[in-house]
Every structure is written in structure tokens, then in C-alpha cells.
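1. sequence and predicted model, in that order:
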Amino acid sequence: MSDTSFIRRPVGEIVAEDYGRAAVLRSYGIDFCCGGGRPLDEACTRRNADPVEVEAAIRAHDARKTAEVDPAPANPGELVDHIERVHHAWVRENLPALRHFTTRVAKVHGAGWTELSLIAERTEELAREMEDHMRDEEENLFPQVRAASAFGASGDRASGDRASGGGANPFTDADFAELEAEHEHAGSLMAELRALSGDFTPPDGACATWRAAYAKLEEFEADLHRHVHLENNLLFPALRDPSGFSPATAQAPSAHA
């Protein structure tokens, strides 16, 4: 898209064009996943950032052409396969260590650092929410997306029932409202964990487990932002648009994109 200015464009749309821009926005603390619908100037105001400076940084990134290309498939069926295979699998693989580290650090050091108990509690809350959220998607939304996507790819646009993927678009805004609210809550919990941990910075002399806990939290945040971006800014808009159900044209993504 050849806009003359990014200022009034939604930040999620800006990142959807080129995921490499996410690093620019992240450096200013701008939320592009749960807050992806906000225009850039509004998002900057929330973070006390100068929108002109941020726009210049985005353009500098584009000019360098060192973007981290967004390899996510454009076809909704392939996109949910990618989300489940990469991000859902990563969360399930890493939650046990994250729970262990944060609980252990709170138990050993919580008396002197009261925020550690709250970090452990919020981590457990986030873990349970993510488990429920992923299970719901895998049992309900994703199978419907695969069916509808396959139906669209077949070229048969006749009306039919929802379960078989019939109809031009079986999805409504109501299908996404709860999932988007869950994304928002997970993002809020992650922001609270960042604040409680001082931007995931352990104190001088912190033990190895403490450092591992904060490092794992930061990894989890990065994956969550990417995960939510793919759903809020790519998947859900595609599902709201009947033309999204077309044969796959994009190249398969890399292992952990």
C-alpha cells in the first residue's frame, strides 16, 4: 500500500505489510497486536512517543530493506495450520519451564522480593488462559476455518451449511469477539509481568533460576505478540472477508516465524 503517511494508519495494518516493522514499534513500546486497531498517532500518544519520529524510524527501516519478511501463508486454512504447529506447540513446550522457574523463584526469594509471588500468580493465570484459549481454537475455530478454506479452494461457492464449509463466508464478528477479548487480557497480563519484573531485568546477583525465569518470560512475550498479530491482524480480517477463502498462493513459513 502506497500511503503518503503512516500517521493515521492502524499499527496492526502497518505490521501486517511487513513484520520487520514490529521491531521498530516494539522499540517504542507500541502494542501492535492487541492494540493493532489503533492509528499510529494514537498508539504513540499512549507511549509518550513522537509519531513523526516513529514514522521516520519505520521509513528508515523500509529504506534499509532489512525487513524480517512475514512468511505467514495468506490462505486461512494454511495460516491456522501454521499457528497451531508453530505457536501453540511453542507455548505448550515452554509453559512447564516457565511455571517451574517463576514458582521456584517466588518460593526461594519471595520473602525479600514481594513482587515475585505476584509474578508467579500472574504467570499461572496467563498459562491457564492460553491453554484454554488454544484448546478452544483447536476444537472449534480452526476446524471450521480449514473446512471453509478447503471449500473455497474447490471453487464451489454454492450456499451450504456452516459445518461443511458451505457458503461464501460462514464467519461473523461474533465469532471473533471473545477470542479478541482473550487476546487483550493475555496482553494485559504480559504487560503487567513486564512491569513487575522491571522489563524482565533481574537484580544484580540474581541466581541462575531467577535469570532463567525472566529470560523465559521475555521469550514468551515475543511469541505472544507474534501469535496474536497473526490472528488479530491477518487471520481474523481474512475470515471477515469472503475473498479470503481462496487457494493457497503463499510460500510455506519457516519453522518459528
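-> Received the coordinates, thanks. Numbering: from 1, shown residues only.

2. what ranges in the protein fall below the confidence cut-off?
-> Scanning the chain for pLDDT under 70 picks out 1-4, 65-74, 151-170, 242-257.

3. helices of that one, start to end?
-> Here the chain has its helices, by DSSP state H, at 11-17, 21-27, 40-46, 51-64, 76-82, 89-109, 115-136, 142-153, 173-196, 208-229, 236-240.

4. may I see the ones you listed arranged in TSV, with mean neighbour count and distance to residue 5 as well?
-> The C-beta positions use only the backbone N, C-alpha and C, and glycine is treated the same way. TSV is the format used below for the helices of the chain (neighbours: other Cβ atoms under 10 Å; distance: least, Cβ to Cβ, whole Å):
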stretch	mean neighbour count	distance to residue 5
helix 11-17	23	11
helix 21-27	20	15
helix 40-46	19	9
helix 51-64	15	7
helix 76-82	23	29
helix 89-109	17	36
helix 115-136	17	35
helix 142-153	20	34
helix 173-196	16	27
helix 208-229	19	22
helix 236-240	20	21
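
5. relative to residue 33, which of those is closest?
-> helix 208-229 (3.8 Å; Cβ to Cβ).

6. so what's the most centrally placed residue in the chain closest to, chain neighbours aside?
-> For the chain, the residue nearest the mean C-alpha position is residue 228 (2.0 Å; Cα atoms, centre = their mean). Excluding the flanking residues, the one nearest residue 228 by Cβ to Cβ, 6 or more residues apart in numbering is residue 33, at 3.8 Å.

7. also residue 119?
-> Leaving out its chain neighbours, the residue that sits closest to residue 119 by Cβ to Cβ, 6+ apart is residue 196, at 5.2 Å.
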